[in-house]
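Participant: Return atomic coordinates for the entry below.
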Amino acid sequence: MTPSGHGLLSVSRVRGRSVATRARADSPLRLLLPDNRGDALWAYTTSYGGGLVDGDALSLHAHVGPDASLMLATQASTKVFRGPRGSSQRTELRLDDGALAVLLPDPVVCFAGASYSQRIDVDLAPGASLVLLDASTQAVSPAGSASTSPATPAASTCAATTASRSPTGCSSTPRTAPLDARLGGFDALATLVLLGERVAPFAAALLDRVGRTSPGAHPGRIESASPLDGGTLVRIAASTAAAALDAARSHLSFVAELIGDDPFTRRW
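Facilitator: Residues are numbered from 1 along each chain as shown. Below is the predicted model of the structure:
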C-alpha cells in the first residue's frame, strides 16, 4: 500500500522539451503541472487543508532523465501547525547525466507549538546540475508579534552524490532548538546551493560577489558564501522574510536563462 502523502514524478526530454512521463500524488499531497514558455517541466507541490497538520508526513520522489530539466516549487508558503506528533516533508531527487533540477519552494512558516522536520536528498550523476533555495521564517500573530516559540524549524539536508557514490554537496545536522532562538534576532533564514556544470559560471560569480560584500552593506541582512566541491553555498539571514527572499531571488536571477522562463515573475 502506498503511504499517504507520497508523490512520484518522472521527467524526460522529448522533442526538445522536458515532459512528465509519470506524475502521481496521494492525498494530502497534490502535484500541479502548469504550462510555461521554457523547455523545463514546471511542477508545484501543495497540500489539502492549507498547510501541514499534526501527523502529516509528505514525501516526493522525482527522477529527471538525461538532459531534462525540472523546476520544482510550492504553490505558497508551507504553513506548519501545532501538534504533539509534529509533521515532516522529504524530497528525493535523482538526476541523470546532463539533467538540471531547480528547487524554489516558498518559505516554511512554523506556528507556535509546531514541530517540523525536512530532508532533501539529491543524487547527482556526472554532468547533472542543481539549484536549491531553502527558506524558513517566523509566523506573525495578528497583533504583529512573532509567534514561533517553541516551534522547531526545518532541519534541512542536501546530500548530493555522484554516480561513483563519492559524496559531494552540503549537509546540515537536524536541530530541535526553538526557532526564535536559532534566528538570533532575525526573522528569516535562507540557504542557496548551486552545484554542477550548467550552473558553474553562476556559482563562481555568486561566490565572488557575496564574498566581496562588506558586512554592513545591507542593513537588516547578513550573507555569507562558501565554496563547495563543484559549486557554491550561500546563507542569508534577514530582518524580514521579504528581505531574505528578495536577496535570494536577486542571486538566482540567472534561473530564467537556464530554464527559459522566469518562475519569480510568472507563477503560472
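Participant: shouldn't residue 248 be in contact with residue 194?
Facilitator: No. Taking contacts as Cβ atoms under 8 Å, residue 248 lies outside contact range of residue 194: 11.8 Å. The C-beta positions use only the backbone N, C-alpha and C, and glycine is treated the same way.
Participant: more crowded one of the two?
Facilitator: Ranked by neighbour count (other Cβ atoms under 10 Å), residue 248 and residue 194 place residue 194 first, with 26 against 23.
Participant: Helix or strand: which one has the nearest residue to the more buried one once chain neighbours are set aside?
Facilitator: Distances taken as Cβ to Cβ, 6 or more residues apart in numbering put residue 203 closest to residue 194, at 3.9 Å, once the chain neighbours are dropped. Using DSSP states H and E, residue 203 sits in helix 200-211.
Participant: any residues touching that helix, and which ones?
Facilitator: Residues from elsewhere that reach helix 200-211 (Cβ atoms under 8 Å, 6 or more residues apart in numbering): 192, 194-195, 223-227, 230-232, 234, 251, 254.
Participant: The same query, at a cut-off of 6 Å, please.
Facilitator: Helix 200-211 has contacts (Cβ atoms under 6 Å, 6 or more residues apart in numbering) with 194, 223, 225, 227, 231-232, 234, 251, 254.
Participant: low-confidence ranges in the chain?
Facilitator: 1-3, 138-185, 214-216, 267-268 (pLDDT under 70).
Participant: same thing but 50
Facilitator: For the chain, the stretches with pLDDT under 50 are 1, 140-174.
Participant: Could you double-check that residue 98 sits in contact with residue 127?
Facilitator: Yes. With contact defined as Cβ atoms under 6 Å, residue 98 counts as touching residue 127 (5.0 Å).
Participant: Contact partners for residue 262?
Facilitator: Residues in contact with residue 262 (Cβ under 6 Å, 6+ apart) are residue 256.
Participant: Confirm it sits in a strand?
Facilitator: No. Read with DSSP: H, G, I helix; E, B strand; the rest coil, residue 262 is coil and lies in no strand.
Participant: Would you mind stating the distance between it and residue 125?
Facilitator: 27 Å (Cβ to Cβ, to the nearest Å).
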